[in-house]
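> Compute the structure for the input listed below.
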Amino acid sequence: MGTVEVSGMRIAYQRAGQGPPLVLIHGAYEDSRIWRPQLDGLSDEFTVIAWDAPGCGQSDDPPPEFSAEDLGNVIAGFLRAVAPRKPHVLGLSWGSGAALELYRGHPNMAASLVLASAYAGWAGSLPPEEVERRNAQVLAELDQPPGQFIPVWLPTLFTTRADPAVVDETSAIMADFRPAGMRAMLSASGHADYRDVLPTITVPTLLLYGAEDVRAPLTVASEMHRQIPGSELVVIPDVGHMVAAETPEAFNAEVRRFLHSIGD
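Residues are numbered from 1 along each chain as shown. Alright, predicted model coming up:
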């Protein structure tokens, strides 16, 4: 793990390979370890950089008053510190919202966007009652032992065809979450709405979804595609929300193809 200091916080990250930089932003209850198949599979052509978001993995917790704007500024500072040149930015699930927050405040930082299992923020893509249900669910979970709530999450993340070893690996990563960090990140992002950002995106954008995703269903994918000018939508069959972990070969192949199509 490498570390850099951004906005007074120590931010940890993994780096592998040489080539155009590709920065990976993980989802909720996760850290950089979730990107093992991408660190292994894409580092033959790219400098793959996977961060631990504030409050996750080996990074410092953010302050309780941490805002969505603060998150975007931290990502921008992180990119300036670790990327050898303007990077491609890939966000998964919650990480897709973080990538959109980066674009809102710093539209010139990313060479392209890959938004996987993405939302325009929960409030930008889901009915208000579902947004409130998800926020309440996570808040309640922060006071529970991981073994109590992670089994509830897993069927919404993977299909029944997923490799049990991959599901177990993801479960172990999720179990290492830190309540203080998750509480601050939920406060910053739990009601985020990026619908105003989508039409302003001018960099090449790939939207990558699993056909059986029940958390960010294809209705969400289609609306994201409609709103982002010139975006490309790819749906990988027979896979759920954790598309990068459940079908890494197909996921990596689509990311590689997209980055080749736009060049360095």
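
> how about the helices in the protein?
Remark: helices assigned in the chain by DSSP state H are 36-41, 68-82, 94-105, 122-125, 128-141, 146-157, 164-175, 179-189, 218-227, 243-246, 248-262.

> Export those helices as JSON lines, with columns for distance to Leu208 and mean pLDDT.
Quick note: C-beta positions are derived from backbone N, CA and C, even for glycine. Formatted as JSON lines, the helices of the chain follow (distance: least, C-beta to C-beta, whole Å; pLDDT from 0 to 100):
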{"stretch": "helix 36-41", "distance to Leu208": "12", "mean pLDDT": "97"}
{"stretch": "helix 68-82", "distance to Leu208": "19", "mean pLDDT": "95"}
{"stretch": "helix 94-105", "distance to Leu208": "10", "mean pLDDT": "96"}
{"stretch": "helix 122-125", "distance to Leu208": "15", "mean pLDDT": "96"}
{"stretch": "helix 128-141", "distance to Leu208": "22", "mean pLDDT": "94"}
{"stretch": "helix 146-157", "distance to Leu208": "16", "mean pLDDT": "94"}
{"stretch": "helix 164-175", "distance to Leu208": "18", "mean pLDDT": "96"}
{"stretch": "helix 179-189", "distance to Leu208": "20", "mean pLDDT": "87"}
{"stretch": "helix 218-227", "distance to Leu208": "9", "mean pLDDT": "97"}
{"stretch": "helix 243-246", "distance to Leu208": "7", "mean pLDDT": "98"}
{"stretch": "helix 248-262", "distance to Leu208": "6", "mean pLDDT": "97"}
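
> Would you mind finding the most buried of those?
Most buried of the helices of the chain by mean neighbour count (mean count of other C-beta atoms under 10 Å) is helix 243-246; its value is a mean of 27.

> dump the residue contacts of Ala76.
102, 105-106, 109 (C-beta atoms under 8 Å, 6 or more residues apart in numbering).

> ok, residues contacting the longest strand seen in the chain?
The residue-count maximum for a strand in the chain (DSSP state E) belongs to strand 9-16. Contact partners of strand 9-16, identified using C-beta under 8 Å, 6+ apart, comprise 1-5, 32, 35, 39-40, 43, 47-52, 54, 57-62, 74, 78, 82.

> now, among the contacts of Ala76, which is nearest to Arg133?
Leu102 (27.0 Å; C-beta to C-beta).

> Spit out the contact partners of the closest one.
Here Leu102 is in contact with 72, 75-76, 79, 89, 109-110 (criterion: C-beta under 8 Å, 6+ apart).

> how does it look with 10 Å?
23, 25, 71-76, 78-79, 89, 91, 109-110, 113, 197 (C-beta atoms under 10 Å, 6 or more residues apart in numbering).

> and what of Asp52?
Neighbours of Asp52 in contact, by C-beta under 10 Å, 6+ apart: 1, 3, 10-14, 26, 30-33, 58-60, 181.

> and it, how far is that from Met1?
According to C-beta to C-beta, to the nearest Å, Asp52 stands 8 Å off from Met1.

> Could you turn the buried ones of the contacts of Asp52 into a PyMOL selection?
To isolate the buried ones among these in PyMOL, judged by 16 or more other C-beta atoms under 10 Å, type:
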select buried, resi 3+11+12+13+14+26+30+31+32+33+59+60+181
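
> And the contacts of Asp52, which is closest to Ala250?
His26 (19.0 Å).

> The closest one and Ser117: what is the separation?
11 Å.

> Pull up the overlap in contacts between the two.
91-95, 244.

> Output those in JSON lines, with distance to Ser189 appended to each entry.
Shown next, in JSON lines, are those (distance: C-beta to C-beta, whole Å):
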{"residue": "Gly91", "distance to Ser189": "12"}
{"residue": "Leu92", "distance to Ser189": "14"}
{"residue": "Ser93", "distance to Ser189": "11"}
{"residue": "Trp94", "distance to Ser189": "7"}
{"residue": "Gly95", "distance to Ser189": "10"}
{"residue": "Ala244", "distance to Ser189": "20"}
